[in-house]
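Enquirer: A predicted structure for the sequence below; I have some questions about it.
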Amino acid sequence: MKGKTKRESTTMLTQRMLPQDANPAGNVHGGVTLKYIDIAGGTVAMRHCRTNAVTASIDRMDFLQPVYVGDLVTFKASLNYTGRTSMEVGVRVEAENMFTGEKRYCASAYLTFVALDKDGRPHEVPPLILETDEDHRRWREAEARRAIRKQERQRERESQRAAQTASLNEQGDDESC
Ligand SMILES: CC(=O)SCCNC(=O)CCNC(=O)[C@H](O)C(C)(C)COP(=O)(O)OP(=O)(O)OC[C@H]1O[C@@H](n2cnc3c(N)ncnc32)[C@H](O)[C@@H]1OP(=O)(O)O
């Protein structure tokens, strides 16, 4: 499959925050920010693979500074890494005060999307062509995060299996009483 560069899918989504996006204190809800992060990241993923792509995971996310109603918020999203069927996208969130022009770095997140075929099964994605030193650095960092995610999923599966076994054993004990 022919590779594609990061430049071909990088996306900038800009959104003015409105009163319906806020909590009673006037700060924009974290969930609203997260929604636009997901939209911007998903746009990158679909631009890269040109098939349907679903969010498989969102890594730990820190809200570094509040976003306020009236701010113009930019979600800059770009592709860091491609696996066989998955893609890691990084999203950086910046809010701009429309009166002063002051810009604040408010949040960032890494998301993994999986490309799906027409039947909803994971589908191969074009490899990412790395053009710059920064592309290579981001790839290496994404590869390390992917390894950690895999380990965490494995641990989660094992602890769920252990919980199921314990619950079945408890049921067996109850029935034998
Ligand atoms: C844009 C949106 O908001 S979509 C709505 C929210 N998202 C959804 O509803 C998705 C629901 N989840 C699913 O459909 C499935 O769990 C899928 C498609 C994400 C993964 O399906 P699976 O059968 O587990 O796929 P499989 O084990 O073959 O893995 C496929 C790829 O996904 C990756 N993957 C699977 N689960 C995860 C996860 N939780 N986090 C990160 N990567 C994952 C795998 O590493 C693999 O990557 P690779 O091909 O690059 O090596």
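Expert: Cool, the structure landed.

Enquirer: residue of this protein nearest the ligand, please.
Expert: G83 (2.2 Å; C-beta to the nearest ligand atom). For every residue, glycine as well, the C-beta is placed using N, CA and C.

Enquirer: is it true that that residue touches E143?
Expert: No - in this structure G83 lies outside contact range of E143 using C-beta atoms under 8 Å: 9.2 Å.

Enquirer: ok, these two, which is more surrounded?
Expert: Between G83 and E143, counting by other C-beta atoms under 10 Å, G83 is the more crowded of the two (17 against 13).

Enquirer: list the contacts for that one?
Expert: By C-beta atoms under 8 Å, 6 or more residues apart in numbering, the residues touching G83 are 125, 146.

Enquirer: so what's the backbone phi/psi at the residue lying closest to H123 once chain neighbours are set aside?
Expert: Spatial nearest neighbour of H123, excluding adjacent residues (C-beta to C-beta, 6 or more residues apart in numbering): D117 at 4.0 Å. With angles defined as degrees, to the nearest 10, D117 sits at phi -90, psi -170.

Enquirer: flag every residue of this protein that's near the ligand.
Expert: Residues of the chain found near the ligand (C-beta under 6 Å from any ligand atom) are 38, 42, 54-57, 83-86, 112, 114, 122, 149, 153.

Enquirer: counting neighbours, which of the residues you listed end up buried?
Expert: Neighbour counting by 16 or more other C-beta atoms under 10 Å classes 38, 42, 56, 83, 85-86, 112, 114, 149 among the residues of the chain next to the ligand as buried.

Enquirer: pull the helix or strand with minimum mean pLDDT from the chain.
Expert: Counting by mean pLDDT, DSSP states H and E, the chain has its least confident helix or strand at strand 62-63, which shows a mean of 90.
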